[in-house]
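Enquirer: Using only what follows, build the 3D model:
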Amino acid sequence: MRTCPTISRIVIGLLATISWPSASFAELLQIIHTNDLHAYFERSDNPDRGGYAQVKAVIDSIRQKAADEGIESLVLDGGDFSDGTIYRYADRGTAPYVVMDAMGYDAVAIGNHDWLIGAEQLDRLLGSVRPNTPLLGANFAFDRDKKNLAQHIRPYISVERAKTKIAVVGLTTDQFIYKWAVDDGTIVSAEDTADAYIDMLRKNHDRVILLSHLGYKADKKLADAEPALDLIIGAHSHTLLEKPTHQSKRAIPIVQTGAHGDFVGDLLVDLQPGKPLKIVRYQLVEVRADGPKDPVIAGLVSQARDRLHHDYGSGWLDEVIGFTEVPMSTPAGGATVWGTLYAETIREVARAPAALDMSEFYGTSQPAGPVTRESLYNYYPRTFDIDKPLGWNVWKARMPGWLIKLVIEQAAKMGSHVNTAGITYKAKWKKGKPKFSKFRINGKPLRSVKTYTIGVSEGLGRGTSEISFLLRAFFKPHDTGVPIWRAVEEKLRRTGPILAPVAPGLH
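Expert: Prediction:
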């Protein structure tokens, strides 16, 4: 039975009055948010959750419930929606933008994985799709000749909801390890941009919301630095916040839903004039993979699948090329059988004594059983160029022994893991801090002053080549021209079924 909107609003008003004596003049707004969907069109990396059509159904359910109670909604996404699975390549890279544009968002932040293809390719994509959904990136600076970027990427939007004039400003990560990829443009300081826009927007808006693709730590710093903010909707760090965290003396709420469409954020706020934004309700709504699907999004996902089969060739992605008795677990928390297999492949192609790669580059863990080309790509779904649909190449670079040690040690201290082949070491953890010893390359002690040739992925090789000429001169990175995806397939065909663990680099 459909609830009468008038009765529902009376009930909510009574509840609000009980909770806060001054809430009889409450102006309620339903905020619905997601982040870091990463083109997980069909499901999340958790097989029981996710899917864009399922996410859309949950969004619409929350929005409809609010509408039935006479409450307006604001629907936002924190970015990184286009890269993370094989769907990044569907229909020459346009499919993620077409699907996202149909999701019904009021605005979407542009994340680093959305612009790592560079300004030139992004301009072409936006010119082809011409999305209606505003993409927000106030600190994304690009050449004015990129007309499609200028038309579709804005610093902020201004909307009126719940009798309140609201500005939503978007920021994207300005980390140097990413921003080199923006050809014909750059990513400027997020802090400086926030200072400029938030103060300006506060003068002619009642509320200012930050749609942030900066990561949770950066969001907390901005909350301290920008007291004029009312709310931060976060992304980039894949942080699952089951309840809002508050930062700064003004108690600015920060929310984030994790990643990959596992959850949708359901945030009901009171925008009573003259009062700080007050949270009436916050919950993370689970997105069940077997739950209701929006038919329009489901149809677009099906079309994207058809385009993949057309572009790669019928049956090519689905062809079984091997078998594994162990799950294809990513090396996010330490060495795994398949992580080591990929590192060994990089080492062999580079013809180097060792290889290293960052665990953050890996995508979705895959189940044990038959291995297809698509599962190989989704395990390592990285590209800088949508016109090269086989993903990153193997590169090689020169690294002194002391730097190899430093990279591994610092990554561990930051909670990351360096995936290695040919490199072994011991690590002991004491009071949450790692201590490393006995570094070896191919069984021989690692010499700090010796320079080694190391196999790396394109993410590290091309990154060091492009960030600065000094790094290029120091590391001397070189592209082998061999795609990691193809090399792993060939290795798998040679070695046969994966039956037993490969010796890990971390004991």
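Enquirer: count of neighbours near residue 92?
Expert: Residues lying near residue 92 (other Cβ atoms under 10 Å) number 15. Heads up, the C-betas are built off the backbone N, CA and C, glycines and all.
Enquirer: Relative to residue 311, how far out is it?
Expert: 8 Å (Cβ to Cβ, to the nearest Å).
Enquirer: what element comes up after the helix or strand containing residue 403 heading to the C-terminus?
Expert: Using DSSP states H and E, the element containing residue 403 is helix 401-413. Note on helix 401-413: by DSSP H and E, the next helix or strand toward the C-terminus is strand 418-421.
Enquirer: got the CA coordinates for the helix or strand that that next one is followed by in PDB?
Expert: The helix or strand immediately downstream of strand 418-421 is strand 423-430, counting by DSSP H and E. What follows is strand 423-430, C-alpha atoms only, in PDB (Å, rounded to 0.1, in the frame of the first residue of the first chain):
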ATOM      1  CA  ILE A 423      63.300 -10.700  -4.800                       C
ATOM      2  CA  THR A 424      63.100 -12.200  -1.300                       C
ATOM      3  CA  TYR A 425      63.300 -10.800   2.200                       C
ATOM      4  CA  LYS A 426      62.200 -11.300   5.700                       C
ATOM      5  CA  ALA A 427      59.800  -9.000   7.500                       C
ATOM      6  CA  LYS A 428      59.000  -9.000  11.200                       C
ATOM      7  CA  TRP A 429      56.200  -6.900  12.600                       C
ATOM      8  CA  LYS A 430      56.500  -5.300  16.000                       C
END
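Enquirer: Just want the angle from strand 423-430 to helix 401-413.
Expert: With axes from the mean of the first three to the mean of the last three Cα atoms, to 10 degrees applied, the angle from strand 423-430 to helix 401-413 works out at 40 degrees.
Enquirer: just how off-centre is strand 423-430 within its chain?
Expert: 29 Å (Cα atoms, centre = their mean, to the nearest Å).
Enquirer: Contacts for whichever helix or strand comes after it, please.
Expert: Of the helices and strands lying after strand 423-430 in sequence (DSSP H and E), the nearest is strand 433-441. Contact with strand 433-441 is made by 353-354, 401, 404-405, 408-409, 412-413, 422-429, 445-446, 452, as judged by Cβ atoms under 8 Å, 6 or more residues apart in numbering.
Enquirer: Okay, buried residues for strand 433-441 please.
Expert: Judged by neighbour count using 16 or more other Cβ atoms under 10 Å, the buried positions of strand 433-441 are 439, 441.
Enquirer: Run me through the strand neighbours of the helix or strand following that strand, direction for each.
Expert: For strand 433-441, the following helix or strand on the C-terminal side (DSSP H and E) is strand 444-445. Sheet pairing of strand 444-445 (DSSP bridges) gives strand 433-441 (antiparallel).
Enquirer: Just the C-alpha atoms of the strand it pairs with, please, in PDB.
Expert: Only the C-alpha atoms of strand 433-441 are listed here, as PDB (Å, rounded to 0.1, in the frame of the first residue of the first chain):
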ATOM      1  CA  LYS A 433      55.600  -1.600  12.300                       C
ATOM      2  CA  PRO A 434      57.600  -3.700   9.900                       C
ATOM      3  CA  LYS A 435      61.300  -4.400  10.100                       C
ATOM      4  CA  PHE A 436      63.000  -5.800   7.000                       C
ATOM      5  CA  SER A 437      66.100  -7.900   6.600                       C
ATOM      6  CA  LYS A 438      68.000 -10.400   4.400                       C
ATOM      7  CA  PHE A 439      67.100  -8.800   1.000                       C
ATOM      8  CA  ARG A 440      68.200 -11.100  -1.800                       C
ATOM      9  CA  ILE A 441      67.900 -11.100  -5.600                       C
END
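Enquirer: ok now that strand, how far from the chain's centre?
Expert: 31 Å.
Enquirer: For the helix holding residue 403, buried residues please.
Expert: 401, 403-405, 407-409, 411-412.
Enquirer: So what touches it?
Expert: Residues contacting helix 401-413 (Cβ under 8 Å, 6+ apart): 354, 356, 358, 399, 417-418, 420, 423, 425, 427, 433-434, 436, 439, 446-452, 454.
Enquirer: run the last query once more with 10 Å
Expert: By Cβ atoms under 10 Å, 6 or more residues apart in numbering, the list of residues contacting helix 401-413 from outside reads 334, 354, 356, 358-360, 399-400, 416-420, 423, 425, 427, 429, 432-436, 439, 441, 445-452, 454, 460, 474-475, 505-506.
Enquirer: Stretch 297-306 too?
Expert: Here stretch 297-306 has contacts from 39, 41-42, 51-57, 86-87, 89-91, 94-96, 98-104, 293-294, 317, using Cβ under 10 Å, 6+ apart.
Enquirer: Show me which of those residues are buried.
Expert: 39, 41-42, 51-57, 86-87, 89-91, 94-96, 98-104, 293-294, 317.
Enquirer: Return stretch 363-379 as CSV; C-alpha atoms alone will do.
Expert: Output of stretch 363-379 as CSV, limited to C-alpha atoms (Å, rounded to 0.1, in the frame of the first residue of the first chain):
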residue,chain,number,x,y,z
GLY,A,363,41.8,-5.3,-10.0
THR,A,364,39.3,-8.0,-9.1
SER,A,365,40.1,-11.4,-7.5
GLN,A,366,38.8,-14.2,-9.7
PRO,A,367,37.5,-17.6,-8.6
ALA,A,368,39.3,-20.9,-9.0
GLY,A,369,38.5,-23.0,-12.1
PRO,A,370,38.7,-22.2,-15.8
VAL,A,371,40.7,-19.1,-16.7
THR,A,372,39.5,-17.0,-19.6
ARG,A,373,41.0,-14.0,-21.3
GLU,A,374,38.5,-11.8,-19.6
SER,A,375,39.4,-13.0,-16.2
LEU,A,376,43.0,-12.3,-16.9
TYR,A,377,42.3,-8.7,-17.8
ASN,A,378,39.9,-8.1,-14.9
TYR,A,379,42.6,-9.3,-12.6
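Enquirer: show me where the stretch 51-200 of the chain has helices.
Expert: Along the stretch 51-200 of the chain, the segments classed as helices by DSSP state H, counting those that start in this stretch run 52-68, 95-101, 112-115, 119-129, 147-152, 176-179, 190-204.
Enquirer: so for the helix or strand just after the last one, what's the average pLDDT?
Expert: Meaning helix 190-204. Sequence-wise, the next helix or strand downstream of helix 190-204 (DSSP H and E) is strand 207-213. Averaged across strand 207-213, pLDDT comes to 98.
Enquirer: what is the rounded mean pLDDT of whatever helix or strand comes next after strand 207-213?
Expert: As assigned by DSSP H and E, the chain's next helix or strand after strand 207-213 is helix 216-225. Across helix 216-225, pLDDT averages out at 93.
Enquirer: How about stretch 320-331?
Expert: 94.
Enquirer: Would you mark the buried spots in it?
Expert: Buried, per 16+ other Cβ under 10 Å, within stretch 320-331: 322, 324, 328-331.
Enquirer: From those residues, pick the one nearest residue 131.
Expert: residue 330 (30.9 Å; Cβ to Cβ).
Enquirer: from memory that closest one sits against residue 357, does it?
Expert: No: contact criterion Cβ atoms under 10 Å: residue 330 and residue 357 do not qualify, at 11.3 Å.
Enquirer: Noted, bye for now.
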